[in-house]
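Engineer: have a look at this prediction, sequence included:
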Amino acid sequence: MKKLITLGEFIIENESSFPYATGELSKLLNGLRLAGKMVNHEVNKAGLVDIIGGAGEVNVQGESQQKLDVFANDKFIQAIKNRDIACGIVSEEVEEFITIHGSDSSNNGKYVVLMDPLDGSSNIDVNVSVGTIFSIFRRITPIGTPVELKDFLQPGSAQVAAGYIVYGTSTMLVYTTGNGVNGFTINPALGSYYLSHPNIKIPESGSIYSVNLGNYVHFPKGVKNYVKYCQQEEGSRPYSLRYIGSMVSDFHRNMLKGGIYMYPNDTKNKKGKLRLLYEANPIAFLTEQANGKASDGYNRIMDIVPSEIHQRIPFFCGSTKMVEKLESFYSQ
Ligand code: AHG
Ligand code: MN
Ligand code: MN
């Protein structure tokens, strides 16, 4: 029988390979792991109790919130605050960045956390997989001073860790600290995460494309032409179309099987729909760490210097050869 490694053990064993390791990043990851368990428990109950449906609030993007968005947001914020390690948080569900004051009301945390507490939330009430996405940076302002906007507006290439939890047929936490990508699955009987997918690599090419084809008429010409290419009969094409509508789940499948995920800008969403800081950047970091590629159609996602915390971006990621092909259609 193979030796079982829990996420807790893995984090400790790999701490020393992380530059500037002081154990603090591990504590932060532990907090996220714990909040993920709580959200997992709640998501699993969603069909049983009267928790589904709008919470009567509209989030900062003008979308109606579901109760579990609020629950997940609260749990993750609490888990991060309790650790005294981060000095600030950006959440999809909160308009301004959150300043964290330590137990002695100082601002000594080294890290900032950016997150989408519940991704794909429109899928909850139909029992389809959702997820949580997180991205972690070291702050750039001095420790002890108040956290500032510029601490959050760093390019994705400066991320020290990123990951997601997918609440699916089984619940998994997948993360990177810049040393490859590893996936852990919860054993529901024990409530522990076990290393189930070590050193994940995205196949160089695949046969899946994932995109909301309902928006096709509004897509830029380059994307329309790439979609036509995916549908042509030649070699391994036509590709299979797979689209869940929860980016975390669509990305997770494509990372394991090979494929491309696309959310272009269109005439409805002129700048794209997905958020750079807590959707595109963390997924881009994971993608590159798994040997894949993430792009806005022209540029590497992780090179983009953000100008606002809820900034949107066209997003293409997955198997390197497929994303390169997509970019070639953009440049025509
Ligand atoms: P969120 O639930 O955090 O608002 O994110 C939803 C996102 C993403 O998960 C998904 O891929 C995309 O929106 C789906 O959008 P469409 O319904 O427009 O295809
Ligand atoms: Mn989302
Ligand atoms: Mn969300």
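Structural biologist: All right, it came through fine. Note that the structure is a prediction, hence the values are computed from the model and not measured. Ligands and ions are numbered 1, 2, ... in the order given.

Engineer: pretty sure V227 contacts N212?
Structural biologist: No. Contact between V227 and N212 fails when scored by C-beta atoms under 8 Å: they sit 11.1 Å apart. Any C-beta I mention is one placed from the backbone N, CA and C, and that applies to glycine too.

Engineer: looking at those two, which is more packed in?
Structural biologist: Neighbour tally, V227 and N212, criterion other C-beta atoms under 10 Å: the higher count belongs to V227, 20 against 14.

Engineer: what are the contacting residues of whichever helix or strand the more buried one is part of?
Structural biologist: Applying DSSP states H and E as the criterion places V227 in helix 221-231. Contact partners of helix 221-231, identified using C-beta atoms under 8 Å, 6 or more residues apart in numbering, comprise 209, 211, 213, 216, 219, 237-239, 241, 262, 264, 297, 325-326, 329-332.

Engineer: touching ligand 1 at all, that helix?
Structural biologist: No. Counting by C-beta under 6 Å from any ligand atom, ligand 1 has no neighbours in helix 221-231; the shortest distance is 13.7 Å.

Engineer: what's the following helix or strand after that helix?
Structural biologist: According to DSSP H and E, the helix or strand after helix 221-231 is strand 240-241.

Engineer: tell me how far that following strand is from the chain's mean position?
Structural biologist: 22 Å (C-alpha atoms, centre = their mean, to the nearest Å).

Engineer: now do stretch 297-311
Structural biologist: Averaged C-alpha coordinates place stretch 297-311 at 15 Å from its chain's average position (C-alpha atoms, centre = their mean).

Engineer: surely S205 is in contact with I260?
Structural biologist: No. In this structure S205 lies outside contact range of I260 using C-beta under 8 Å: 9.4 Å.

Engineer: of these two, who's got more company?
Structural biologist: In this view S205 and I260 are compared by other C-beta under 10 Å, and I260 has more residues nearby, 26 against 16.

Engineer: so for the helix holding V227, what gets flagged as buried?
Structural biologist: 222-223, 225-227, 229-230 (16 or more other C-beta atoms under 10 Å).

Engineer: a markdown table for those residues, including pLDDT and distance to K37?
Structural biologist: Compiled in a markdown table, those are given as follows (pLDDT from 0 to 100; distance: C-beta to C-beta, whole Å):
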| residue | pLDDT | distance to K37 |
| --- | --- | --- |
| G222 | 97 | 42 |
| V223 | 98 | 38 |
| N225 | 98 | 44 |
| Y226 | 98 | 39 |
| V227 | 98 | 39 |
| Y229 | 98 | 42 |
| C230 | 98 | 38 |
